[in-house]
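[1] show me the folded form of this:
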Amino acid sequence: MERWLDTQQAYYNSDNKRVYYLSMEFLMGRTLGNSLINLGLWDDFRDAINSLGNNFDEILSEEQDAGLGNGGLGRLAACFLDSMATMSIPAYGYGIRYEYGIFRQHIHDGAQVEIPDNWLRYRNPWELDRQEHLHTVKFYGRVISTFDKEGKQVREWIDTEDVMAMAYDTPIPGYQTQSVNTLRLWSAKSSREFDLKFFNEGNYIRAVEKKMQSETISKVLYPADNVIEGKELRFKQEYFLASATVHDVIYRFKKKHTDMKRLPEKVAIQLNDTHPTLAIPELMRVLIDLEHLDWEDAWKITGKTFAYTNHTILPEALEQWPVWFFEQILPRHLQIVYEINERFLKEIRARFPGDQERLSRMSIVEEHWERKIRMAHLAIVGSHSVNGVAALHSEILKNQLFRDFYEMYPERFNNKTNGITQRRWLKMSNPSLSSLIDDYIGDGWARNLYELEKLRAVATDPEFLERWQQVKQTNKEGLCRYIQEHNDIEVDPNSLFDVQVKRIHEYKRQLLNVLHIVTLFNRIKDDPAQEVAPRTFIFAGKAAPAYAAAKLIIRLISAVAAVVNRDPDVAGRIKVVFLSNYSVSLAEKIFPASDLSEQISTAGTEASGTGNMKFALNGALTIGTLDGANIEIMEEVGRENIFIFGLTAAEVAQLKARGYNPREYYNGNKELKRVLDMIASGFFSPWAPELFTPLTDSLLNLGDNYMLCADYAAYVACQDKVSELFKQKDEWARQAILNCAGMGKFSSDRTIDQYAREIWGIQPVDIQPGSVELQRH
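    Sure, this is the predicted structure:
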């Protein structure tokens, strides 16, 4: 608390430029352990707790995960907050305080069941509610035009339904520094407690109805988007975050400044994907309607203030909102977006005269059968910087997805490869390995991850190799106990832990992993006497509640596990485990115990990935395609220390252009044909023989979008090499050490340093302790 107050006072006194990081997701996980690590109190606190007769690890595990995110996007935001605080970057995170986070996942009869995650039922001890920080967020209503005394047209948004955004602040301590930054989450509150008129008439339901509707906005992360009400709620959430944050930023700016034209000198706003893009027209509305600037000045300010990070290559994941949503819910913003688009189209016509198709492709307004606003286009047009999150991803943005925009604004596009915080993902989650590394190269790596390069010198040292393997074995034994307790499956800690943990999605190709498991199963059944490197296949991840194919993949994993784990011929050779309710705290158990990291998305589909970095940092070898950050990991650790297979992004595009026929691969590969026929015929689901035919149909009859059939043979052959290397324990350990040693580039500290220097133009602030005396009551 003292450092937090000192930090905020230092930022105010220095008047340095600040960055405001807007994200619909912050997957923070647990806070206690991370705070103890960053404050340098871990050992003292553990010893004190244990000396009082308590169990330190049990107390840590009592904390609820703050599951305010779904996957990599939210976890990246959390890592960035840690790095910004550690580097004393004047920064604020802004998100939504969802009352219910990402659902809790149970596996019942092999199927995912979603349970509400009421993570606030015992309240959140890390947050401070800031009832004095309230902002009005408007919805619905209508726009009227009038003229001021100079004859200038003025627009006013009236008859709105108002919701109050109330701030809840969480301190984010930096590692071994005085800096403590702020994560501000907005909670929706009714603009009044209840309608007295209805109350006095005895209609108590109607009296509180508006209050309940207002507060629904921050109730749940990712409302179901397969129904119109869910889509509308999501749209409102995105504007709620954007509006409250823009007003808060301007409130903070006005504490010291009156000239709004200086806003870009003092404020940088980073959009974490397209979700907060409504902040662009919201800032325009504030500058024009409330601050009375003319359009040209407002647009210059807005463009210099905003920067946009793209996180997805998949076209279907690029947000588009129906125009009628804007017409009903945000009528003033629709006028502003239309004006932005009209001026933008004029610019295109001037640069590319007569190119009507280009106009149609680049327009912010999609004009097909249902008119929609393309949020990615709005984000690009309204920002001075557009970045991808891995080198390959950024090239795909420039050359394919946003090629027209790159030709128009080449100076805006840049790459910022993602990173992870080593404080959480090694120092805290893997204390045994952390201590071993400290013993040999010191602890400087916690601030400068490039220090891990020094491990190369001891990668063949017999004593270090032995201790490294002991640490890995101990971590695996710990995960075995967890699996036994939660899944009632006994796992051999000497087996190869082959791990794929991430959101369940077809492009991430958990199904390809399953095809390999069934292939191994068949090989053992055909020749039970053969020698096989024992493996434990570990899956974890959640499927979106409305994503039928992803949920069916979970059922298939469970069904294959049920057959494989009970078969006497494969006993002691293959085990399959699905760990339910994947979360940050579960990931902290899995990464340190993993031997093999599955990063097998179709080349050209994964923007970056950060799980790949966490595995490698904890001494797992990677099997993967040349996709996302896998390419850069390969460059850092050496191609000879990573298992690469499959089509490249260019080869995927070429094959699709030629006309990809998955049945050619099916008919040409006996093992693949056998595996798919088993799944389709109900071998793993005799109670419902056609249960998994939608999955095999998607591969054989519906185009195999993500090219599993094309990559199957290369994947299986690469897995055979994995098995051979795992038999050579010292060589496996040596390569694992070299993977860890090559992770310097993948610290989120490096990523944030690049953002600060190359996009935001922000300098660290020196925090002096004791500048504010903590008031004690």
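
[2] secondary structure class for the residue of the chain positioned farthest from its centre?
    Within the chain, the residue lying farthest from the chain centre (C-alpha atoms, centre = their mean) is residue 149, at 50.0 Å. Judged by DSSP: H, G, I helix; E, B strand; the rest coil, the three-state class of residue 149 is coil.

[3] what does residue 452 give?
    Under three-state DSSP, residue 452 comes out as helix.

[4] number of residues surrounding it?
    Applying other C-beta atoms under 10 Å, we find 22 residues neighbouring residue 452. C-beta: built from backbone N, CA, C; applies to glycine.

[5] my read: it touches residue 740, true?
    Yes - counting by C-beta atoms under 8 Å, residue 452 does reach residue 740; the two are 6.1 Å apart.

[6] need the helix or strand of the protein with the lowest average pLDDT.
    helix 196-200 (a mean of 62; mean pLDDT, DSSP states H and E).

[7] quick one: the strands in the stretch 351-500 of the chain?
    365-366, 372-374, 386-388, 413-415, 496-501 (DSSP state E, counting those that start in this stretch).

[8] which of those sits closest to residue 185?
    Among the strands of the stretch 351-500 of the chain, strand 386-388 comes nearest to residue 185, with 24.7 Å by C-beta to C-beta.

[9] skipping its backbone neighbours, what lies nearest the residue nearest the centre of the chain in space?
    With distances taken as C-alpha atoms, centre = their mean, residue 73 lies nearest the centre of the chain, 1.6 Å away. Among residues not flanking residue 73 along the chain, residue 25 sits closest, at 5.2 Å (C-beta to C-beta, 6 or more residues apart in numbering).

[10] what ranges does the stretch 151-300 of the chain have for its strands?
    Going by DSSP E, counting those that start in this stretch, the stretch 151-300 of the chain shows strands at 153-158, 161-173, 180-190, 267-272.

[11] mean confidence score for stretch 539-546?
    Taken as a whole, stretch 539-546 has an average pLDDT of 95.

[12] any buried residues in that stretch, and which?
    Buried residues in stretch 539-546, counting neighbours by 16 or more other C-beta atoms under 10 Å, are found at 539-545.

[13] could you do stretch 342-360 as well?
    Neighbour counts over stretch 342-360 (16+ other C-beta under 10 Å) mark 344-345, 348, 352, 358-359 as buried.

[14] so which of those is the closest to residue 748?
    Nearest to residue 748, judged by C-beta to C-beta, of these is residue 344 at 33.6 Å.

[15] ok, that closest one - contacts?
    Residues counted as contacts of residue 344 (C-beta atoms under 8 Å, 6 or more residues apart in numbering) are 362-364, 381.

[16] what about 6 Å?
    Residues counted as contacts of residue 344 (C-beta atoms under 6 Å, 6 or more residues apart in numbering) are residue 381.

[17] that one and residue 287, how far apart?
    18 Å (C-beta to C-beta, to the nearest Å).

[18] over to residue 442?
    Noted for residue 442: a distance of 51 Å to residue 287, by C-beta to C-beta.

[19] so between those two, which is more surrounded?
    More crowded of residue 442 and residue 287, by other C-beta under 10 Å: residue 287, with 23 against 11.

[20] excluding chain neighbours, what is closest to that one?
    Residue 287's closest residue in space is residue 298 (C-beta to C-beta, 6+ apart), at 3.8 Å.

[21] likewise residue 260?
    residue 291 (5.2 Å).

[22] got it, and residue 217?
    Closest residue to residue 217 apart from its sequence neighbours, by C-beta to C-beta, 6+ apart: residue 188 at 3.9 Å.

[23] would you check that the one you found makes contact with residue 219?
    No - using C-beta atoms under 6 Å, residue 188 is not in contact with residue 219; the gap is 7.9 Å.

[24] mind checking which of the two has more residues around it?
    Between residue 188 and residue 219, counted using other C-beta under 10 Å, the more crowded position is residue 188 (23 against 16).

[25] for the more buried one, what are its contacts?
    Per C-beta under 6 Å, 6+ apart, neighbours of residue 188: 163, 214-215, 217-218.

[26] just residue 518 next, same as before
    So residue 518 contacts residue 675 (C-beta under 6 Å, 6+ apart).

[27] would you list the phi and psi of residue 650?
    When read as degrees, to the nearest 10, the backbone of residue 650 gives phi -70, psi -40.

[28] please begin residue numbering at 27 from this point
    Sure, I'll start numbering at 27, so the last one becomes residue 676.

[29] that one - how many residues pack around it?
    11.

[30] swap in the one 10 residues further on?
    Applying other C-beta under 10 Å, we find 17 residues neighbouring residue 686.

[31] quick check: closest non-adjacent residue to residue 344.
    Closest to residue 344 by C-beta to C-beta, 6+ apart is residue 402, at 4.6 Å.

[32] show me the helices in the stretch 377-526 of the chain, by range?
    382-388, 401-407, 417-422, 429-434, 448, 457-467, 488-513 (DSSP state H, counting those that start in this stretch).

[33] can you tell me which of those helices is packed in deepest?
    Comparing those by mean neighbour count (mean count of other C-beta atoms under 10 Å), helix 448 comes out on top with a mean of 30.

[34] gap between the two ends of stretch 425-438?
    14 Å (C-alpha to C-alpha, to the nearest Å).

[35] just the residues contacting it, thanks.
    Against stretch 425-438 from outside (C-beta under 6 Å, 6+ apart): 384, 387-388, 406, 411-412, 424, 439.

[36] and those residues, which two are furthest apart?
    For these, the maximum inter-member distance is 22.6 Å, found between 384 and 411 (C-beta to C-beta).

[37] still on that earlier bit, for residue 692, which of the strands of the stretch 177-326 of the chain is the nearest?
    The nearest among those, by C-beta to C-beta, is strand 293-298 at 40.5 Å.

[38] where does the stretch 27-176 of the chain dip in pLDDT?
    Flagging of the stretch 27-176 of the chain using pLDDT under 70 yields an empty set of residue ranges.

[39] please enumerate the helices of it.
    28-40, 58-65, 68-77, 82-88, 98-112.

[40] looking at the ones you listed, which one is packed in the most?
    Highest mean neighbour count of the helices of the stretch 27-176 of the chain: helix 98-112, a mean of 26 (counted as mean count of other C-beta under 10 Å).

[41] ok, and what's touching it?
    Helix 98-112 has contacts (C-beta under 6 Å, 6+ apart) with 49, 51-54, 117, 119, 198, 200-201, 203, 205, 207, 298, 337, 444, 446-447, 636, 774-775, 778.

[42] and if you look at stretch 545-554?
    590, 595-596, 600, 697, 701, 742.

[43] try it again at 7 Å.
    556, 558, 590, 595-596, 599-600, 697, 700-701, 742 (C-beta atoms under 7 Å, 6 or more residues apart in numbering).

[44] closest to residue 398 among the residues you listed?
    Of the contacts of stretch 545-554, the one sitting nearest to residue 398 (C-beta to C-beta) turns out to be residue 701, at 40.7 Å.

[45] now that closest one: which helix or strand?
    helix 696-707 (DSSP states H and E).
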